[in-house]
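**Q** okay, sequence plus prediction incoming.
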Amino acid sequence: MKYGGLIIEKKEYVMLKKLMNLSGYHKDVTYKKSIMKLNNELKTATVRDEKDMPTDVVRFNSIVTITSEGGWQKNFQLVKPSDSDLKNNKLSILTPMGTAVIGYAKDDVFQWEFPSGEQSLTVSNVEQQNDYVDVNTVL
């Protein structure tokens, strides 16, 4: 990892914790595993002020390009669950892919579990579209 671990902005960290607490009752095993993994990663994440955030780190509202070792690419915007809209490539932070990429930086590689087995994915690009994150409106 480029920065040695996940990097999360303070307000976004608070929002993530609230979202994960609220989603603890999700029945889907894949979602639960993803949220538990993110929760563990957040224990060692670096939490920074807005002004200290690197511009290439995946955050709320970032537009992300992921490339697989098999060569396919996927572009999406990482959003709050209430803003999720798959038709417009807006992916909820609470989806397995959303929890997998938050806090990673451009060129970071991570493992992703597919039905066909685990693959390495790379964060190929990150564009910031960050509006103010209101921690009081998590859903």
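**A** Noted; the coordinates are in hand. Residues are numbered from 1 along each chain as shown.
**Q** neighbours of residue 107, just the number please.
**A** Each residue near residue 107 was counted by other C-beta atoms under 10 Å, and the total is 13. In short, each C-beta sits where N, CA and C put it, glycine included.
**Q** quick one: it is in a helix?
**A** No - with DSSP: H, G, I helix; E, B strand; the rest coil as the criterion, residue 107 is located in coil rather than a helix.
**Q** which residues touch it?
**A** Under the criterion of C-beta atoms under 8 Å, 6 or more residues apart in numbering, the neighbours of residue 107 are 2, 122, 123, 124.
**Q** which of those residues lies closest to residue 79?
**A** In terms of C-beta to C-beta, no member of the contacts of residue 107 lies closer to residue 79 than residue 123, at 16.8 Å.
**Q** turn the contacts of residue 107 into a markdown table, including secondary structure and pLDDT.
**A** As requested, the contacts of residue 107 are arranged in a markdown table below (DSSP: H, G, I helix; E, B strand; the rest coil; pLDDT from 0 to 100):
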| residue | secondary structure | pLDDT |
| --- | --- | --- |
| 2 | coil | 91 |
| 122 | strand | 97 |
| 123 | strand | 97 |
| 124 | strand | 97 |
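**Q** could I get those residues as a markdown table with distance to residue 12 and neighbour count?
**A** Converted to a markdown table, those look like this (distance: C-beta to C-beta, whole Å; neighbours: other C-beta atoms under 10 Å):
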| residue | distance to residue 12 | neighbour count |
| --- | --- | --- |
| 2 | 18 | 15 |
| 122 | 22 | 17 |
| 123 | 17 | 24 |
| 124 | 22 | 15 |
